[in-house]
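# Everything below, folded, please.
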Amino acid sequence: MKIFLLPSALCLLLLQVFTYQAFAQIHYRIEADYSLKEKSSTGHENLMLGRVYFDKNYRQMVFDISFPEKEILIINDTASIYALSNHYEKHKLSTSLIDFSVLGLVLSGQLEYFGLRQTPYQLTKVEKDEGLVISTWELTDKRIESSVRKMMLSQKDNRLHGLITFGANDQIIAKQFFSEYQLVNGLEIPSKVIQISYLPDGGEFKKITNYTNIKVNNQQNESFYRYKPKAGN
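Alright, predicted model coming up:
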């Protein structure tokens, strides 16, 4: 009897192991301490510190801001909501900031190409330059209205390195750089993101975001992952 039961028991054990490993690779939430530094070409500077929480199944990104003042910022598919002294103010968004945020792209496994494979932008050119793989993505369908007509991605070691955004007449609108990758629970996450926006008046606006103490699939802090404004506010 034991001779016939052993293979079945072994198969059951292996099935349990493979099922656990497959489940362990499902990344659905992420949190991190962050610092956001902003600087304009006129010399104006801002600093924001806090912790961010995102559960992709709940479709909501929550920023627990600790500096310069204590407040909560909630970003979902349609709006950003600031919670200031128990008073909640909504601001409508024209596009979803979740899907194209760094944390959102990391969890969806689309950071390498900045999610462009799931958009109307078409890959039109690929070239190599000094260790970088540079791909050009263009909005070839003229029926689609957008201020962004072309993007150029640079990758290094199969990681997103840089992104240049172009408007009309190939004018550069913005640049982003992704660096200092960390491996957390099987996910490669850039802990430093630099964004430079070019203004119509010739000035520029620079943002530097740093992520530390990153956790993936953390089962704690549920109240932040599913944060809801209090009724009556």
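
# low pLDDT regions in the chain?
When the per-residue scores of the chain are filtered using pLDDT under 70, the ranges that remain are 1-25, 84-89, 92-96, 230-233.

# just the strands in it please.
29-40, 45-55, 60-67, 71-75, 79-84, 87-92, 122-129, 132-138, 150-156, 159-166, 172-184, 187-198, 204-216 (DSSP state E).

# The fourth one - contacts with which helices or strands?
To tie it back to what came earlier, the one meant is strand 71-75. Counting contacts by 3 or more Cβ pairs under 8 Å, 6 or more residues apart in numbering; DSSP states H and E, strand 71-75 packs against strand 60-67, strand 79-84. C-betas here are computed from N, CA, C, even on glycine.

# quick one: which of these is nearest residue 122?
strand 60-67 (28.7 Å; Cβ to Cβ).

# sorry, back to before: out of the strands of the chain, which is closest to residue 105?
Go through those one by one with Cβ to Cβ and the one that ends up closest to residue 105 is strand 159-166, at 8.5 Å.

# Direction included, what does that closest one pair up with?
Strands adjacent to strand 159-166 in the sheet, as given by DSSP bridges, are strand 150-156 (antiparallel), strand 172-184 (antiparallel).

# Nearest to residue 39, out of these?
Proximity of the strands paired with strand 159-166 to residue 39 was assessed by Cβ to Cβ; the nearest stretch is strand 172-184, lying at 14.6 Å.

# Identify each buried residue in the closest one, please.
Residues of strand 172-184 classed as buried: 173, 174, 175, 176, 177, 178, 181, 184 (neighbour count, 16 or more other Cβ atoms under 10 Å).

# Please list the outside residues in contact with that strand.
Identification of contacts with strand 172-184 by Cβ atoms under 8 Å, 6 or more residues apart in numbering yields 102, 111, 147-148, 159-167, 188-198, 214-216.

# Give me the most central residue, this structure.
Central residue of the chain (Cα atoms, centre = their mean): residue 102, 1.8 Å from the mean position.

# How much space separates that one from residue 124?
25 Å (Cβ to Cβ, to the nearest Å).

# got it, and residue 176?
20 Å.

# Now render the strands paired with strand 159-166 as JSON lines, adding distance to residue 203.
Supplementary listing: the strands paired with strand 159-166 in JSON lines, determined by distance: least, Cβ to Cβ, whole Å:
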{"stretch": "strand 150-156", "distance to residue 203": "22"}
{"stretch": "strand 172-184", "distance to residue 203": "13"}
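
# To residue 227, which of those strands lies closest?
Evaluated over the strands paired with strand 159-166, closeness to residue 227 peaks at strand 172-184, with 22.4 Å, by Cβ to Cβ.

# Work out the gap between the closest one and the centre of the chain.
10 Å (Cα atoms, centre = their mean, to the nearest Å).

# Can I get that strand in PDB, CA atoms only?
Taking Å, rounded to 0.1, in the frame of the first residue of the first chain, the C-alpha atoms of strand 172-184 are listed here in PDB:
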ATOM      1  CA  ILE A 172      10.600  68.500 -25.600                       C
ATOM      2  CA  ILE A 173       7.900  68.800 -22.900                       C
ATOM      3  CA  ALA A 174       9.500  66.800 -20.100                       C
ATOM      4  CA  LYS A 175      12.300  64.400 -19.200                       C
ATOM      5  CA  GLN A 176      12.400  61.600 -16.500                       C
ATOM      6  CA  PHE A 177      15.200  59.500 -15.200                       C
ATOM      7  CA  PHE A 178      14.900  56.300 -13.100                       C
ATOM      8  CA  SER A 179      17.800  55.100 -11.000                       C
ATOM      9  CA  GLU A 180      19.000  53.400  -7.900                       C
ATOM     10  CA  TYR A 181      16.900  50.200  -8.400                       C
ATOM     11  CA  GLN A 182      16.100  48.000  -5.400                       C
ATOM     12  CA  LEU A 183      15.000  44.400  -5.500                       C
ATOM     13  CA  VAL A 184      12.100  44.000  -3.100                       C
END
